[in-house]
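**Student:** no sequence for this one, just the structure:
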């Protein structure tokens, strides 16, 4: 998981009281056409959210989607003038800031910023929300076809059981490749020691010996649902959402834990509609809108006052709303570093080599 705006007075949606100061490069008389060009992951925003935003503001959200972090990087590095707002993950944020792709946020336009839950109000990689605002948070887990896997998986190591060889599908997430490689070598999924990362590359190569396919998260889901693949990885909220109409799909958080990620909303530096971008961020931070969005996506919310409207099924799902014990086992992932960046490159190369082998064998593989 793009739009036009004749700018309306920035009001409603919980905006701040009376402070209409402008970021650099704009004036109080700046007019924007009623459009917002939004770059987002596939299937990562609910239609009803976009419809309500247009009804309230007159602004049309024009959506462009991507299927991997690599696609996002390629789009933004080629020409980011076409976009106003994008979703990025916390590991890419510093990179995009350094590349001067993102703009600093204008807090007077974000009156709902104080609605963020404790823990999201001061993230260590952007503690004052100078560049970003949390969108959703989640983690990878194990998905499995109940008809194909008689035993419920409980650990990451279940992915490479001999009986599942060739029937494992992993989604395209190189951070999770690192985690699986670390586990294969006997380390914690979020081991921060750079000395272990080279071993993780070797460990992931061993995991690949059991893997039938590497693909995007939605393809991984469908392959497990259909029984083409028996077990694999996916994001927690996507697994919950798909399981609602596919009861053969099971999902579980591995007992040893893993990594928690946070996706972020960021304004593009050369955006033609920066005020519309802020208005949409503020709209999503409104409690009722945040609850509607979380319920539609079957995800936990990052907006504290929205909790009163979150569906009981989401609150009672231990894979979406984590217990205190599991929260401790799924800490935010350690920070990006040059050493880790090199490791991720090696993991990408391994993944691409595996996909090529699968393709040459006449089996489906993600591009």
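**Tutor:** That came through fine. No experiment lies behind these values; they were computed from the predicted model shown. Numbers count the residues shown, from 1 in each chain.

**Student:** which stretches of the stretch 251-367 of the chain aren't confidently modelled?
**Tutor:** 334-338, 362-367 (pLDDT under 70).

**Student:** one more time with 80
**Tutor:** Under the criterion pLDDT under 80, the flagged ranges of the stretch 251-367 of the chain are 333-339, 361-367.

**Student:** would residue 87 count as being in a strand?
**Tutor:** Yes - assignment of residue 87 by DSSP: H, G, I helix; E, B strand; the rest coil places it within a strand.

**Student:** who does it bridge with?
**Tutor:** Legend: beta-bridge partners of residue 87 under DSSP bridges are residue 265.

**Student:** Can you get me a residue count around residue 176?
**Tutor:** The burial count assigned to residue 176 is 22, neighbours taken as other Cβ atoms under 10 Å. C-beta: built from backbone N, CA, C; applies to glycine.

**Student:** so it sits right up against residue 232, yeah?
**Tutor:** No - Residue 176 lies out of contact with residue 232 (Cβ atoms under 8 Å); the separation is 10.9 Å.

**Student:** shared neighbours of the two, which are they?
**Tutor:** Common neighbours of residue 176 and residue 232, counting by Cβ atoms under 8 Å, 6 or more residues apart in numbering, are residue 170.

**Student:** so where do the strands sit in this protein?
**Tutor:** With DSSP state E, the ranges of strands along the chain come out as 3-4, 34-41, 60-66, 85-89, 133-145, 168-171, 211-215, 231-235, 249-252, 260-267.

**Student:** helices and strands around the fifth one, which ones?
**Tutor:** Going back to what we said before, that points to strand 133-145. Using 3 or more Cβ pairs under 8 Å, 6 or more residues apart in numbering; DSSP states H and E, the elements in contact with strand 133-145 are helix 217-226, strand 231-235, helix 236-243, strand 249-252, strand 260-267.

**Student:** will you turn the ones you listed into CSV that also has mean neighbour count and distance to residue 278?
**Tutor:** Listed next are the helices and strands packed on strand 133-145 as CSV, based on neighbours: other Cβ atoms under 10 Å; distance: least, Cβ to Cβ, whole Å:
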stretch, mean neighbour count, distance to residue 278
helix 217-226, 21, 29
strand 231-235, 26, 27
helix 236-243, 22, 26
strand 249-252, 20, 36
strand 260-267, 23, 7
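
**Student:** right, and those - which one's nearest residue 157?
**Tutor:** strand 231-235 (11.7 Å; Cβ to Cβ).

**Student:** residue boundaries of the helices in the chain?
**Tutor:** Taking DSSP state H as the test, the helices found in the chain are 47-57, 69-78, 90-98, 174-184, 194-208, 217-226, 236-243, 274-284, 287-297, 312-315, 324-329, 338-360.

**Student:** do you know which of those helices lies nearest residue 262?
**Tutor:** That would be helix 90-98 among the helices of the chain, by Cβ to Cβ, at 5.3 Å.
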